[in-house]
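Visitor: All I have is the shape, not the residue letters:
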């Protein structure tokens, strides 16, 4: 089982997508489309103040009849951000994401954002671990 630190080291894309709380929802959506991601961290200077996701957009813009160009990210972001530390395990992250119904986890160390994990990162890691175990079992059986 891998730690969050190990998962972050395996990622090929290390840039942390971020936007300010005074940006418009439209600007946040543009950034997310450019980077092909489903969420962006909302930060004031280097402080994490929220997270904005496709789910926030669907539930707080579309369903409430707001416009993305006329609404600031701060007005609809999730401000109670669930996060993990580099010492957490992949299993702990999966359990947290499942329990909280979220798809993105900021990684915090000493009050600083050091990365972001997505559900895709965790699924990929789980598949890799299972493949390794299967390969080991196949090798064991073939040698017996």
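Guide: Sure, I can see it. What you are looking at is a predicted structure, and each value in this text was computed from that prediction instead of being measured.

Visitor: longest helix in this structure, by residue count?
Guide: helix 119-143 (DSSP state H).

Visitor: buried sites along that helix?
Guide: 119, 121, 122, 125 (16 or more other CB atoms under 10 Å). From N, CA and C alone the C-beta is placed, and that goes for glycine too.

Visitor: Same question for stretch 30-40.
Guide: 31, 32, 37, 39, 40.

Visitor: Now the residue nearest to residue 52 when sequence neighbours are not counted: phi and psi?
Guide: Distances taken as CB to CB, 6 or more residues apart in numbering place residue 77 nearest to residue 52, at 4.6 Å, with adjacent residues excluded. Dihedral pair for residue 77: phi -70, psi 160, per degrees, to the nearest 10.

Visitor: correct me, but residue 77 touches residue 44?
Guide: No. The pair residue 77 / residue 44 is not scored as a contact, 11.5 Å apart, by CB atoms under 8 Å.

Visitor: so what sits against both of these two?
Guide: When CB atoms under 8 Å, 6 or more residues apart in numbering defines a contact, the residues bordering residue 77 and residue 44 alike are residue 21.

Visitor: more neighbours, the two?
Guide: Neighbour tally, residue 77 and residue 44, criterion other CB atoms under 10 Å: the higher count belongs to residue 77, 23 against 13.

Visitor: tell me the contacts of the more buried one?
Guide: Here residue 77 is in contact with 21, 42, 49, 50, 51, 52, 56 (criterion: CB under 8 Å, 6+ apart).

Visitor: Of those residues - the most surrounded one?
Guide: Result: residue 52 is most packed of the contacts of residue 77 (other CB under 10 Å), 27 neighbours.

Visitor: if we look at the sheet, which residues does residue 89 bridge to?
Guide: Beta-bridge pairing for residue 89 (DSSP bridges): residue 3.
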